[in-house]
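Asks: build me a model:
(chains A and B)
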Amino acid sequence: MAARGRGRGRGRGGGAQFLARDDDGNLIFNKKQEGPTPLFPKVERLPDLPTVTKRDEMLVFRRHHLQKAWECSPYYIEKIKTKTEGIVAEIDRYSDRYRTNRRANRVPLNSVLKLTGASFPVELLGQGRGRGKGVLPPGSTPWVLQTSLAKTDLHRLDQLASLEQRRLKDEEKGDKDGEEKKPGEGDDGDGENEEIEDEEDEIADDDYAQTFGFDDDEEYDVDDGGDDEGPVY
Amino acid sequence: MATAYGRRLCCDLIQTHFGEFVQKVVKCLVYRGPLALADIARFSELNPSTLKSSLLVLVQHSCVQAYKVEHEGVGSAPPRVSTSYVPLCDNILHRMRFPKFLLAVREDLGEEAESLVEGLLEHGRLTLEQITQRTAAKAGKTEAEVVKGVKETFAKLVAARFIERCPAAEPSLQPKDSNVEPPKKVPRGAAKARGPILSAQDTVSEVVQRILKAAAPDETDRFRLPISMAGMSAPIVDNETTDPSSLPQKRKFEALKMDSKTAAAVDEKEVLWRVNFEQFLRKLRHQTCVDMVRTRLDAGAAIILSAMLQATGNQETSARQHHSVPLSMDAITQAVRSTPDGQHMTLERIRGLVAQLASDGVGFLAKAGEGGNSYAINMHNIIEARQRNEVEGIVLQRFGRECCRIYRLLAIKGQLEQKQIGERAMAPKNVKELLYRLLKEQYVQVQEIAKTSEHIASKSIYLWKVNYRAVLYRVLDDLYHAATNLCLRHAHEIQKEQEVLGLVDQLDATRDAGDGAQVSHVTLTSAQQDQVKRISRITKILDASLLKLDDAILLFHDF
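Replies: Have a look, this model is predicted:
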């Protein structure tokens, strides 16, 4: 039985389309394709680990600081994941209580930018101004968020220093604090949800405006008519 | 000259700094070249408001420059003006080295200057008023309290050329300048040797240079302090919005009489300032030169060079200056004696070191002036020597000692046959294998010289050679590749530990909320603590490696 099966397979192999089949005639897929290739395969000869000097540490600290500032700044433009669908949005989860929402209080872009023709191309200035969305709440400045962030960073570091003395365990958390935070955590700010919806409305409007006044068909008809009439004499 | 991986790195950097949408815009521009707003919208498939915000962010951070192109009218239609956007890849890559800029300014001008520059790096462009507001908010004081200190630091930074006025938003370019580049007349041989990719890259960067030149304010205007700080003796009253040359004489006079207070307020509130990357690059370049001389010669020579660089640095006009301004022997002595390290050097020692630096084998100083009394620093030579050292180091590390010997032989001798190479490089047996390994990675090239028209291999001569320009391009691309990989690995490691990082975030949140009762809600197990420790170590090493790699990228790309 098995021998016959194999024979059939070979016969087909000669054809234009070769499909590998097992004894029962089912298709066999190449085993290598089953999983993705490893992202970071083992390197056989690794170079020595770089020595991190004090200067390097200062540089790394500044790098994290800037990175965090940009991530929380109005310049970081992202789509907020909204859970507007069904019941999910209404459920108040216990886990949400302690979720940090780093970007919920992002200040609007045009509160920091000098939106004048001298600083930016005129065609970019249209939006933001007229919408009235970007108006900063009274009594707040775009710098406050920055400072509060910077302060918590320093504050945390101070805390870490003190915790380090008390317990060895907390020191590890402390190291982490200096590290980069992943973008994509805690994205569900209420204030921004509205904005997203508004933006979507805008697209719809704009798309309509763009395709409006596009009268290909009409012209085509006119031409057609002309051609038809041509040969009649 | 951004290589394939250079472009990718640009996109990665923007993604981590400003998010996915801005990255999409940059990707369009970097891969497709200058585009108009409608085209970017089409290619990036973003909605208009997000696209505009993204472009605003990119312009604000000097990653993109807009320019106007005038199109000739067809038939009876009037000529129309459209705006296009061009990516500034160099500026995007500079974002990697901001920490270095901060440390550099801290070493020169102190902490206040650093914090001011940090503000400008965070926000891209700020007015003096905004800078003051930011400083006040950070220090928790009122603006009136900090304004004096800020202005002093600001003036120092402008004097040191670390910050500058922003370029024009939309400079106009003539049609022939922008898109249609007339093909340059290059001798045939040269064009062949450089290859098509390099010349294509050059024309794009030429266009970018022309646009930047059109946008930049003229030298005197670029580092002019705001009126309120320059004093009332400033010769011209600022009138940003009107072109003074087009005004009739009478109106000019009236403008001069404008209320000085209003003018000062306008200058503080409207004029944007940004970090002058060029000056920082110059500083880093000088440091590299001094380091090179220290390793090649000795510490004494390094002191002389750094003193000379300090004395001539202000007169450099471009970031990649070949030669410095010549200095006489007296001026050199004076400059060296004014530095703390060189104040006890005797005249003979200084003369000896200068002669050593200027000797034929070294060539770091060039004799200039009448009678050869003055010396100019040949920075180009120093940087090139450093680059050669690096390339040889890379070949040595990647391919081993014998390959390095072959590479150096070819670099010195030019074209050689395989047999000659085997004899001279003392590797006659496996020379073929070694050469093919180098060829595979494009460090050497082979040229066939056929004796017959049939190109029979046995009757042809094969000459091996090193095309140094191509090797430099290759090395730079490899460096970008490595940097891209480091960024990816960083993101991957963070992604992998997402869960535990989330916990740490929650811990922070509870700690920030108050030291009271809620602290005990989240705790880390010992395994999780190990994880946190591990990830923090990994990210630190990856970051430090990236910053070190960036030194090499600077050497091969920016110096």
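Asks: residue of the stretch 401-550 of chain B closest to chain A, please.
Replies: residue B:536 (3.9 Å; CB to the nearest CB). All C-beta atoms are positioned from the backbone trio N, CA, C, and that covers glycine.
Asks: avg pLDDT for the helix or strand harbouring that residue?
Replies: Using DSSP states H and E, residue B:536 maps to helix B:526-553. Mean per-residue pLDDT for helix B:526-553: 90.
Asks: ok, now stretch A:44-64?
Replies: 86.
Asks: likewise for stretch B:48-63?
Replies: For stretch B:48-63, mean pLDDT is 91.
Asks: okay, it in PDB with CA atoms only?
Replies: The C-alpha trace of stretch B:48-63 is given here as PDB (Å, rounded to 0.1, in the frame of the first residue of the first chain):
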ATOM      1  CA  PRO B  48      -5.600  65.400   6.700                       C
ATOM      2  CA  SER B  49      -5.600  66.700  10.300                       C
ATOM      3  CA  THR B  50      -3.200  64.000  11.500                       C
ATOM      4  CA  LEU B  51      -1.000  64.600   8.500                       C
ATOM      5  CA  LYS B  52      -0.900  68.300   9.100                       C
ATOM      6  CA  SER B  53      -0.100  67.900  12.800                       C
ATOM      7  CA  SER B  54       2.700  65.400  11.900                       C
ATOM      8  CA  LEU B  55       4.200  67.900   9.500                       C
ATOM      9  CA  LEU B  56       4.000  70.700  12.000                       C
ATOM     10  CA  VAL B  57       5.900  68.500  14.500                       C
ATOM     11  CA  LEU B  58       8.500  67.600  12.000                       C
ATOM     12  CA  VAL B  59       9.000  71.300  10.900                       C
ATOM     13  CA  GLN B  60       9.100  72.300  14.600                       C
ATOM     14  CA  HIS B  61      11.900  69.800  15.200                       C
ATOM     15  CA  SER B  62      13.800  70.800  12.000                       C
ATOM     16  CA  CYS B  63      13.400  67.300  10.600                       C
END
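Asks: if we can go back for a sec, roughly how far is the helix holding residue B:536 from the heart of the chain?
Replies: On the basis of CA atoms, centre = their mean, to the nearest Å, helix B:526-553 sits 24 Å off its chain's mean C-alpha point.
Asks: how about that helix: buried residues?
Replies: B:528-529, B:531-533, B:535-536, B:538-547, B:549-553 (16 or more other CB atoms under 10 Å in any protein chain shown).
Asks: now for that helix, which elements pack on it?
Replies: helix A:54-71, helix A:168-178, helix B:98-109, helix B:468-496, helix B:498-513 (3 or more CB pairs under 8 Å, 6 or more residues apart in numbering or on different chains; DSSP states H and E).
Asks: relative to residue B:149, which of these is closest?
Replies: Smallest distance to residue B:149 across these (CB to CB): 12.8 Å, for helix B:98-109.
Asks: compute the inter-axis angle for that closest one and helix B:526-553.
Replies: Relative orientation of helix B:98-109 versus helix B:526-553 (axes from the mean of the first three to the mean of the last three CA atoms, to 10 degrees): 70 degrees.
Asks: what about helix B:98-109 and chain A, touching?
Replies: Yes: Helix B:98-109 reaches chain A (CB under 8 Å from any CB of the partner chain) through B:98-100, B:102-103.
Asks: of these, select the buried ones using a ChimeraX command.
Replies: Of the residues of helix B:98-109 next to chain A, the buried ones go into a single ChimeraX selection, burial set by 16+ other CB under 10 Å:
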select /B:98,99,100,102
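Asks: kindly indicate which of the residues of helix B:98-109 next to chain A lies nearest chain A.
Replies: Once CB to the nearest CB is applied, the member of these that ends up nearest chain A is residue B:99, at 3.9 Å.
Asks: wait, doesn't residue B:87 sit right on residue B:10?
Replies: Yes: assessed by CB atoms under 8 Å, residue B:87 is found in contact with residue B:10 at 7.4 Å.
Asks: what touches both of those two?
Replies: B:26, B:30 (CB atoms under 8 Å, 6 or more residues apart in numbering or on different chains).
Asks: if we can go back for a sec, could you measure the residue of the stretch 401-550 of chain B closest to chain A against residue B:211, distance?
Replies: Separation of residue B:536 from residue B:211 (CB to CB, to the nearest Å): 43 Å.
Asks: what do you get for residue B:120?
Replies: Taken as CB to CB, the span from residue B:120 to residue B:211 is 22 Å.
Asks: how about residue B:549, nearest residue that isn't a chain neighbour?
Replies: residue B:483 (5.4 Å; CB to CB, 6 or more residues apart in numbering or on different chains).
Asks: would you mind measuring from the one you found to residue B:89?
Replies: According to CB to CB, residue B:483 and residue B:89 sit 13 Å apart.
Asks: not counting its neighbours along the chain, what's nearest residue B:430?
Replies: Among residues not flanking residue B:430 along the chain, residue B:402 sits closest, at 7.7 Å (CB to CB, 6+ apart).
Asks: can you give me how far the helix or strand where the one you found lies is from the chain middle?
Replies: According to DSSP H and E, residue B:402 maps onto helix B:401-413. Helix B:401-413 has its C-alpha centroid displaced from the chain centroid by 31 Å (CA atoms, centre = their mean).
Asks: stretch B:77-88 near chain A at all?
Replies: Yes: Stretch B:77-88 is in contact with chain A by CB under 8 Å from any CB, via B:83, B:85.
Asks: tell me if residue B:453 really is in a helix.
Replies: No: counting by DSSP: H, G, I helix; E, B strand; the rest coil, residue B:453 falls outside a helix, being coil.
Asks: okay, now it: neighbour count?
Replies: 6 (other CB atoms under 10 Å in any protein chain shown).
Asks: any idea of the pLDDT on it?
Replies: 85.
Asks: show me the strands in chain B, by range?
Replies: B:35-36, B:64-71, B:80-87, B:126-127, B:163-165, B:172-173, B:272-275, B:327-328, B:365-368, B:374-377, B:416-417, B:445-450, B:460-465 (DSSP state E).
Asks: any chance of TSV for these, columns distance to residue B:50 and mean neighbour count?
Replies: Formatted as TSV, the strands of chain B follow (distance: least, CB to CB, whole Å; neighbours: other CB atoms under 10 Å in any protein chain shown):
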stretch	distance to residue B:50	mean neighbour count
strand B:35-36	16	17
strand B:64-71	15	20
strand B:80-87	15	18
strand B:126-127	24	21
strand B:163-165	30	21
strand B:172-173	28	16
strand B:272-275	24	22
strand B:327-328	54	18
strand B:365-368	54	19
strand B:374-377	49	22
strand B:416-417	58	16
strand B:445-450	47	12
strand B:460-465	51	15
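Asks: averaging pLDDT over each of those, which comes out lowest?
Replies: Lowest mean pLDDT within the strands of chain B: strand B:172-173, at a mean of 80.
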